[in-house]
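>>> Got a predicted model here, sequence first, then my questions.
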Amino acid sequence: QVQLVESGGGLVQAGGSLRLSCSASGRAFSNYAMGWFRQAPGKAREFVAAINWSGGSTWYADSVKGRFTISRDNTKNTVYLRMNSLKIGDTAVYYCAAGGLASEQEVFEDYNYDYWGQGTQVTVSS
């Protein structure tokens, strides 16, 4: 079992920045790829970013590429999502997830992840 707890969400003006953190406990954190997903009201959950177990490979949704950065610190059992140039359309509940993914193609789909946090709200205002 892996327990995930997100933090760092909040209210920010458009153009501003936030850094989300996801702290893991339980089984070896470094065994897992980590992903960030988000869900806006009335919409399906969508992929935001992912990082492999070592941090050597990252993937991003086109909508956040160039604005968001995912990173991890395996010594602290934590994955981060740095969000810059935030837009109103980034408003959502953000979830981190851990998965023992077998291939690169699996990082984009939420059903491939085994463990989920409770989510943290990000609200971007005009």
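Now that the structure is in, tell me what you want to look at.

>>> Report how many residues lie close to Val93.
By the measure other C-beta atoms under 10 Å, the count of residues near Val93 is 18. To be clear about C-beta, it is placed using only N, CA and C from the backbone, and glycine gets the same treatment.

>>> surely it meets Gln118?
No: using C-beta atoms under 8 Å, Val93 is not in contact with Gln118, being 9.1 Å away.

>>> so what's Ser126 up against?
When contacts are counted by C-beta atoms under 8 Å, 6 or more residues apart in numbering, Ser126 touches 13-14, 88.

>>> Just give me the closest of these to Asn77.
For the contacts of Ser126, the minimum distance to Asn77 (C-beta to C-beta) is 31.5 Å, reached by Gln13.

>>> burial of the nearest residue to that closest one once chain neighbours are set aside, as a residue count?
Excluding the flanking residues, the one nearest Gln13 by C-beta to C-beta, 6 or more residues apart in numbering is Ser125, at 5.6 Å. If you count neighbours by other C-beta under 10 Å, Ser125 ends up with 11.

>>> Likewise for Ala44?
With other C-beta under 10 Å as criterion, Ala44 counts 8.

>>> For it, give its distance to Ser21.
25 Å (C-beta to C-beta, to the nearest Å).

>>> ok, the closest residue to Arg45 other than its chain neighbours to Arg27 distance?
Residue nearest to Arg45 in three dimensions, not counting chain neighbours: Gln39, with 4.2 Å by C-beta to C-beta, 6+ apart. As for Gln39, its distance to Arg27 is 26 Å (criterion: C-beta to C-beta).

>>> again with Trp59
Between Trp59 and Arg27 the computed distance is 23 Å (C-beta to C-beta).

>>> Compare those two and say which one has the larger neighbour count.
Between Trp59 and Arg27, counting by other C-beta under 10 Å, Trp59 is the more crowded of the two (17 against 14).

>>> gap between that one and Ser103?
From Trp59 to Ser103 the distance is 12 Å (C-beta to C-beta).

>>> wait, isn't Trp116 in contact with Tyr95?
Yes: between Trp116 and Tyr95 there is a contact under C-beta under 8 Å: 5.8 Å.
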